[in-house]
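*Asks:* Need a 3D model of the sequence below.
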Amino acid sequence: MSKLWPQAIATPRLHLLACGLLLLASGALPARADDAIVDVHALPRAEGAVEDTSRPDRYRVVYRLPIPPAATNAATQQVLSADGWVRYIRPLEERNTTLNYKKGKQGLSVSFTGSGGRMDLSEVSYSPQRIYADLPFPDGATDIVFDETRPYLSCVVPLALDATQAFFAKEMTATGWQPLTADAAARWPNADLSEATPNGVRAFYNRVADDGPRRQNPVMLTLTRRADGKTNVEIRIAPFALPAQLEAGDDRAGLPMPKPTKSSQSLGSATSANRQAKGAVIAELPTVLAFYTRELPARGFRIDTALPGTPDDVTLKVASAEETGTLKLSRSYDLTMVEISMRATEAALAARAKAKKDADDKFMADAAAMAKQVIAADEARRAQQAGAMSDAPVKTLADNPAPIALPETAEAVEFDGSQGRLEFKSSSSVKALAGFFRSTLKAAGYKEAPTVIDNPTMAHLEFAAKGKSVSFTIMQMGPKVNVTADGTGLIAAAKPAAAAQPAKDATPLEADPSSALPVPKERSATSLSTSKAPGFDQPVRFQLEASVPAELSAVLAFYRAELTKLGWREKSEGAQTGADKARLAFASPQGPAVLTLGRARGETSVNLVQKNTDAAAKAEILPKPGQAKLMLGNVGETDAVLTINKQTVKILAGTGSPKTPRGPLLDLPPGKYRYEVRTGSRAPFNDTIEIGAGDVWGLMVGPTGQALPLPLY
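*Replies:* Predicted coordinates for the structure are as follows:
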């Protein structure tokens, strides 16, 4: 038995080893290619195309051509068509400049832009487009509208009806569909499989191919004869397979919108004077109408009358206690289009304005009452603290850097003899300090001029002598008294407090590796901000601000070295350098940049701005050479009117922010402009804005009617 035991152990071990080797072998096999995704790198390109290999991407290829985008568009369409790709348009996207193509069960998306901000050069992008609802395209078909996410196709086929019917009977089966039988349709109680239709024929198909979690509904094929001998084709989800009752989705502008929708949008909000909700609902018109006749009354609306229309175009008058408007339903492709427009009544607007005024008045009254309480409590606290301070005469400070006498209770003394400024704190009372300066300055030949502020918690003193003057503000701040003074009587060389120390910035500054833009590790403050165009995620402008406790020359040397490492090239045009300020222009790989240095509070201030020219061009905000642009926005609830440079422009409410539709864009010569903004019944807001060549500024109108200028590019 002792001989059998090792064998009994060895056998399972051999099985385990074999399984492990099998798993390793299977894991080493290459992943099976997804034949529904096209290899965009193998697709044909227009002659002269040069691929951009700076950012390799398996699922995207970008190439450039030395011709304008319009010519590139035509050349690209020609080479793709010759390779068997068929162009189509998505429903409701007739104005979309992106081109969509289908070849077999593969899809392709093609976009065009100018290159490097120049419209005489082109940039083309190929991206694969997965087709989730494959339908066959007949040869020679025109006016093709197709939705790759759900089964929809309409086109005109250059064949007679019988030939077209034969084509789809064969190709629908080849692409994973089969005729829908009466037994299979029994799951839908209202299923109607009748094939008769005026001047044509119908057929119904069920999806048998494995589409994973995106299981497709049965479709209805409708073929209609045309007078020119061709055939109109439409394939759409069978009406009986669409939802018979709709549920409410997310509101748009506070108005109900059913689901599912192909798309939806809104203007305004539930409190706006005017609001609108639009949507493309994947359902039949009667079903959508039933949703609104149920949902609107439940929300306090009443449906007054129906205006003249057709079965595919319905308009209803809608009203509530505060609003009047219309509900419009119409058909487009296989979608029901919804448009609800509501406007507040004059009485409601007046009531809202009064309620807002009452709320504002109450807020201001409450704030004023609270301020009075705070001021009274603060005065009582100060009086109590002042009573605890000593009014005893103060002796003179022995080690004094200033040219006038200071009290021995002075703490944290800061004296700038070049600017004639003095600051310190003291535990003596306001009365004691005022008496000290009156006494010592009188002895120094100064005469006091009367002032209106002289009380136990605050005093303002003015002295003059022989063409010199000194002004003091002495204020109790908690347990200490703050003293600030300035004047020609304080201008003098500061006395050194100790032997001169070696320069702190003798050692070169070291860069912080975690910062997106160069900044020294040795800094007291830093911030990095980006600017984006509305509806565009890629930043068009970067700005770094910092404060560095080092000499300006050391900071300037740091940036020249670090920016050169990044491939930035310093430009000589407009360069300014000095002991207390510097301004340098650079050409970076992304676009123009400017470095501005200054001195403040003993430190060097840094302002580094870098622009992204390609991103600005793609966002369509790049100024013309030597020009500037002004992008307008309005985050308020009332439309605004801007007048600038003899131009008057209307700015709709709710436009111009990063997540809302883009507002108007003005081209302006560089310069300083005065502008006026009018919103509703408010008084006009007037201000000035200065913009330079190559700059883009945003001018955002706020809820109060005032406009805020923001650097965008």
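
*Asks:* Can you show me the strands along the stretch 51-200 of the chain?
*Replies:* Taking DSSP state E, counting those that start in this stretch, the strands of the stretch 51-200 of the chain run over residues 61-65, 86-88, 99-103, 106-115, 118-130, 142-147, 152-157, 177-179, 196-197, 200-207.

*Asks:* which SS state does residue 337 fall under?
*Replies:* Of the three states, residue 337 takes strand according to DSSP: H, G, I helix; E, B strand; the rest coil.

*Asks:* about what we covered before: how about a markdown table for the strands of the stretch 51-200 of the chain, with mean neighbour count added?
*Replies:* Just so you know, the C-beta spots here come from the backbone N, C-alpha and C atoms, and that holds for glycine as well. What follows is those, written out as a markdown table (neighbours: other Cβ atoms under 10 Å):
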| stretch | mean neighbour count |
| --- | --- |
| strand 61-65 | 20 |
| strand 86-88 | 18 |
| strand 99-103 | 20 |
| strand 106-115 | 20 |
| strand 118-130 | 18 |
| strand 142-147 | 17 |
| strand 152-157 | 21 |
| strand 177-179 | 17 |
| strand 196-197 | 10 |
| strand 200-207 | 20 |
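
*Asks:* To residue 700, which of those lies closest?
*Replies:* Taking Cβ to Cβ, strand 106-115 is the member of these nearest to residue 700, at 26.6 Å.

*Asks:* what's near enough to touch residue 433?
*Replies:* 394, 407, 426, 459, 474, 481, 483 (Cβ atoms under 8 Å, 6 or more residues apart in numbering).

*Asks:* Tell me which of the strands of the stretch 51-200 of the chain sits nearest to residue 676.
*Replies:* Closest to residue 676 of the strands of the stretch 51-200 of the chain is strand 118-130 (Cβ to Cβ; 33.7 Å).

*Asks:* Now do the closest one: which elements does it pack against?
*Replies:* Judged by 3 or more Cβ pairs under 8 Å, 6 or more residues apart in numbering; DSSP states H and E, strand 118-130 is in contact with strand 61-65, helix 69-82, strand 106-115.

*Asks:* For residue 217, find the nearest of these.
*Replies:* Residue 217 lies closest to strand 106-115 among the helices and strands packed on strand 118-130, at 20.2 Å (Cβ to Cβ).

*Asks:* Tell me which strands the closest one pairs with, and in which orientation.
*Replies:* If you go by DSSP bridges, strand 106-115 pairs up with strand 99-103 (antiparallel), strand 118-130 (antiparallel).

*Asks:* comparing those, which gets the lowest mean pLDDT score?
*Replies:* When the strands paired with strand 106-115 are compared on mean pLDDT, strand 118-130 scores lowest, with a mean of 88.

*Asks:* With distance to residue 303 as extra columns, can I get the strands of the stretch 51-200 of the chain in CSV?
*Replies:* CSV is the format used below for the strands of the stretch 51-200 of the chain (distance: least, Cβ to Cβ, whole Å):
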stretch, distance to residue 303
strand 61-65, 52
strand 86-88, 39
strand 99-103, 39
strand 106-115, 42
strand 118-130, 42
strand 142-147, 32
strand 152-157, 31
strand 177-179, 41
strand 196-197, 33
strand 200-207, 34
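
*Asks:* Just tell me which of those ends up closest to residue 268.
*Replies:* Minimum separation from residue 268 across these (Cβ to Cβ) falls at strand 142-147, 29.6 Å.

*Asks:* Now do the closest one: which elements does it pack against?
*Replies:* Applying 3+ Cβ pairs under 8 Å, 6+ apart, we find strand 142-147 packed against strand 86-88, strand 152-157.

*Asks:* a markdown table for those, including mean pLDDT?
*Replies:* Below are those laid out as a markdown table (pLDDT from 0 to 100):
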| stretch | mean pLDDT |
| --- | --- |
| strand 86-88 | 97 |
| strand 152-157 | 97 |
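
*Asks:* Tabulate those strands in TSV, adding columns for distance to residue 563.
*Replies:* Listed next are the helices and strands packed on strand 142-147 as TSV, based on distance: least, Cβ to Cβ, whole Å:
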stretch	distance to residue 563
strand 86-88	46
strand 152-157	53
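
*Asks:* For residue 193, find the nearest of those.
*Replies:* Across the helices and strands packed on strand 142-147, residue 193 has its closest neighbour in strand 152-157 (19.7 Å, Cβ to Cβ).

*Asks:* Now do the SS call for residue 441.
*Replies:* Look at residue 441: counting by three-state DSSP, its state is helix.

*Asks:* What's the separation between residue 413 and residue 215?
*Replies:* Look at residue 413 and residue 215: by Cβ to Cβ, to the nearest Å, they are 81 Å apart.

*Asks:* what does residue 229 give?
*Replies:* Taking Cβ to Cβ, one finds residue 229 at 38 Å from residue 215.

*Asks:* Kindly report the same for residue 39.
*Replies:* For residue 39, the distance to residue 215 equals 28 Å [Cβ to Cβ].

*Asks:* And residue 422, by the same measure?
*Replies:* From residue 422 over to residue 215 (counting by Cβ to Cβ), the distance is 81 Å.

*Asks:* and if you look at residue 615?
*Replies:* For residue 615, the distance to residue 215 equals 40 Å [Cβ to Cβ].

*Asks:* Those two: which is more packed in?
*Replies:* Comparing residue 615 with residue 215 by other Cβ atoms under 10 Å, the one with more neighbours is residue 615, at 23 against 8.

*Asks:* Could you tell me the phi and psi values at that one?
*Replies:* phi -60, psi -40 (degrees, to the nearest 10).

*Asks:* In contact with it, which residues?
*Replies:* By Cβ under 8 Å, 6+ apart, the neighbours of residue 615 are 533, 536, 538, 539, 540, 590.

*Asks:* and which of the residues you listed is nearest residue 694?
*Replies:* Nearest to residue 694, judged by Cβ to Cβ, of the contacts of residue 615 is residue 540 at 12.2 Å.

*Asks:* returning to that earlier point: okay if I get the helices and strands packed on strand 118-130 as JSON lines plus distance to residue 602 and mean pLDDT?
*Replies:* Below are the helices and strands packed on strand 118-130 laid out as JSON lines (distance: least, Cβ to Cβ, whole Å; pLDDT from 0 to 100):
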{"stretch": "strand 61-65", "distance to residue 602": "49", "mean pLDDT": "92"}
{"stretch": "helix 69-82", "distance to residue 602": "53", "mean pLDDT": "93"}
{"stretch": "strand 106-115", "distance to residue 602": "47", "mean pLDDT": "90"}
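
*Asks:* hmm, back to that, figure out which of the strands of the stretch 51-200 of the chain is closest to residue 488.
*Replies:* Of all the strands of the stretch 51-200 of the chain, it is strand 118-130 that lies closest to residue 488, at 58.6 Å by Cβ to Cβ.
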